[in-house]
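Participant: Output the structure for:
(chains A, B, C and D)
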There are 2 protein chains.
Amino acid sequence: MQVGADRLAAKLNSFVQLTEQELDCLTRLQSRPSSVKVGHALVQEGQTGHKAFILQAGWACSFKIMRDGSRQIIGFPIPGDCIGLRSVLLRTSDHSFAALTEATVSGVDASRMMAIFTEFPRLAAAILWAASREEAMVVEHLVNIGRRNALERTANFFLELGERLRLVGMASDTAYACPLNQYVLADALGLSAIHVNRVLRQLRERGLMTLKGGQVVIHDVAALERLGGFEQQDHMDRV
Amino acid sequence: MQVGADRLAAKLNSFVQLTEQELDCLTRLQSRPSSVKVGHALVQEGQTGHKAFILQAGWACSFKIMRDGSRQIIGFPIPGDCIGLRSVLLRTSDHSFAALTEATVSGVDASRMMAIFTEFPRLAAAILWAASREEAMVVEHLVNIGRRNALERTANFFLELGERLRLVGMASDTAYACPLNQYVLADALGLSAIHVNRVLRQLRERGLMTLKGGQVVIHDVAALERLGGFEQQDHMDRV
DNA sequence: CGACGCTTTGACACAACTCAACAACCGTGG
DNA sequence: CCACGGTTGTTGAGTTGTGTCAAAGCGTCG
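Facilitator: Got it, this is the predicted structure:
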């Protein structure tokens, strides 16, 4: 498998230039890609099987269900991202994953994963780096929910998402496909679905952005960034 | 330095039994502990120096300042926790750290940290494990803010904090020292300081818990756990 | 004593939630 | 082809939770 065919290899390769051997190891680490149906769970909270996946295509989300039935979505892995990496290290997974669209994933064997640490330390560092980026995203999400009102929060969310998608070539500067409905958005943003609707309307009426038919179009990037308190990320974090 | 003297070693040792050599490596990794004054920043957001610290004693918090001056507190590292581990991997730190009480920390040299990956892979795995636990805490925090109201959120927060403190012997089953004032709590919980006050009063009047003079006393553990939607963590996550 | 940091309280405003109903869309099957 | 049900989006009215502003109480420290 060459770089490019495997999303994980492509991502890690942007951190440290990987050798032939390391690329080969990554290939062997992953099982043959398999397809997942919409709504199907990948990892269940509390599950103790040490399974992790790499999302190769499609959309998914990680979330936690509360006792009252409501849920909080933690994040939306996009192609190249790890799913359930933590459940390999911590014995039980602390949250669940589900596919939001038809998706393809490749499984990662936990024991082989641990073996990497002894055989390919540079690869291990790269994985820690990827995990760090993921954690940084959760932190951003936390700040967004904790300290911004519904309008700012939503604006920030779509900018952040667009930024990530652009890095993997799934978005242009002002538009991208986004299959998230208002219920999903509500659970991600810590709002009610109805309020999400009102917020989207306001964003539309203000001429900032539109979400329609699974397509996000940003009409006024500058104004949206101002509203969402968005700051261009620095991606020069190669060691 | 024996296990016990060094908080980090003590923590990692609970994940994998560390060898003499590994313990020795951890000791050499850390600089001589130094003391930090209240309110003093350890890591500034955007700072590019690859510095990390291990908190050995005292209280600190990690936070992000918004453009409008408000702040969101991400978490409260307690002794044994890493501070700014991510700023070693991602080149710039994405948030800041400050001491909340007189604290002592030992610095960690970034280049030596990277060297661990090649020399002591088991140690690297242990560090990744510690980072995973930290991320799990952020996720809990996110869920708490996103999907619980002020009362439940506060209840959950103090239970969670107590749980962590108990693991390092800084809390009994029903009480612990907690130097966080209402402004700090507000910034952590995504509330206003005034509302935190109201919530604390309600918790007190309902006979659930009291925060007074830097001391948390839980009067009715069961009821508080029910209110906060708190579930006992599983700590059997040793590999 | 006054100054300061932190807590407490009340009155009011506003953001976000809930409930209820309806409209648009889309695939399915008659 | 149209009727249908299910899903998703839209809107309004009323309620509740939380923020804001203003002021006072309290303890500590200089």
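
Participant: tell me the contacts of the spatially most central residue of chain A?
Facilitator: Central residue check for chain A by CA atoms, centre = their mean: the C-alpha nearest the mean position is that of A:P77, 2.2 Å away. Contact criterion CB atoms under 8 Å, 6 or more residues apart in numbering or on different chains gives A:55, A:60-62, A:83, A:97 as the residues in contact with A:P77. No exception for glycine: its C-beta is placed from N, CA and C like everyone else's.

Participant: how about CSV for those residues, with pLDDT added?
Facilitator: As requested, the contacts of A:P77 are arranged in CSV below (pLDDT from 0 to 100):
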residue, pLDDT
A:L55, 93
A:A60, 95
A:C61, 95
A:S62, 95
A:I83, 90
A:F97, 92
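
Participant: from the residues you listed, which ones fall inside helices?
Facilitator: Residues from the contacts of A:P77 lying in helices, with DSSP state H as the criterion: none.

Participant: Pipe these into CSV and attach distance to DNA strand D per row.
Facilitator: Formatted as CSV, those follow (distance: CB to the nearest atom of the strand, whole Å):
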residue, distance to DNA strand D
A:L55, 20
A:A60, 15
A:C61, 13
A:S62, 19
A:I83, 21
A:F97, 18
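
Participant: most residues in a single helix of chain A, which one?
Facilitator: Longest helix in chain A by number of residues (criterion: DSSP H): helix A:121-147.

Participant: Which secondary structure elements does the helix or strand just after that one sit against?
Facilitator: Next along the chain after helix A:121-147, taking DSSP states H and E as the criterion, comes helix A:150-167. Counting contacts by 3 or more CB pairs under 8 Å, 6 or more residues apart in numbering or on different chains; DSSP states H and E, helix A:150-167 is packed against helix A:121-147, strand A:175-177, helix A:182-189, helix A:193-205, strand A:209-212, strand A:215-218, helix A:221-228.

Participant: Which among these is found nearest to B:T154?
Facilitator: Taking CB to CB as the criterion, B:T154 comes closest to helix A:121-147 out of the helices and strands packed on helix A:150-167, the separation being 13.7 Å.

Participant: Could you give the average pLDDT over the closest one?
Facilitator: Throughout helix A:121-147, pLDDT has a mean value of 91.

Participant: is DNA strand C contacted by it?
Facilitator: No. Looking at helix A:121-147 against DNA strand C by CB under 7 Å from any atom of the strand, there are no contacts, and the closest approach is 10.2 Å.

Participant: Establish whether that helix and DNA strand D are in contact.
Facilitator: No. Remark: helix A:121-147 sits outside contact range of DNA strand D, by CB under 7 Å from any atom of the strand, the gap being at least 9.1 Å.

Participant: Which residues in that helix does the neighbour count mark as buried?
Facilitator: Within helix A:121-147, the residues that qualify as buried are A:121-147, counting by 16 or more other CB atoms under 10 Å in any protein chain shown.

Participant: Quick one: work out the angle between that helix and helix B:121-147.
Facilitator: 20 degrees (axes from the mean of the first three to the mean of the last three CA atoms, to 10 degrees).

Participant: for helix A:121-147, the distance to its chain's centre please.
Facilitator: The chain centroid and the centroid of helix A:121-147 are separated by 10 Å under CA atoms, centre = their mean, to the nearest Å.

Participant: quick check, that helix touching chain B?
Facilitator: Yes. Using CB under 8 Å from any CB of the partner chain, we find that helix A:121-147 touches chain B at A:121-122, A:124-125, A:127-129, A:131-136, A:138-143, A:145-147.

Participant: Would you confirm that A:R7 contacts A:G80?
Facilitator: Yes. In this structure A:R7 lies within contact range of A:G80 using CB atoms under 8 Å: 3.7 Å.
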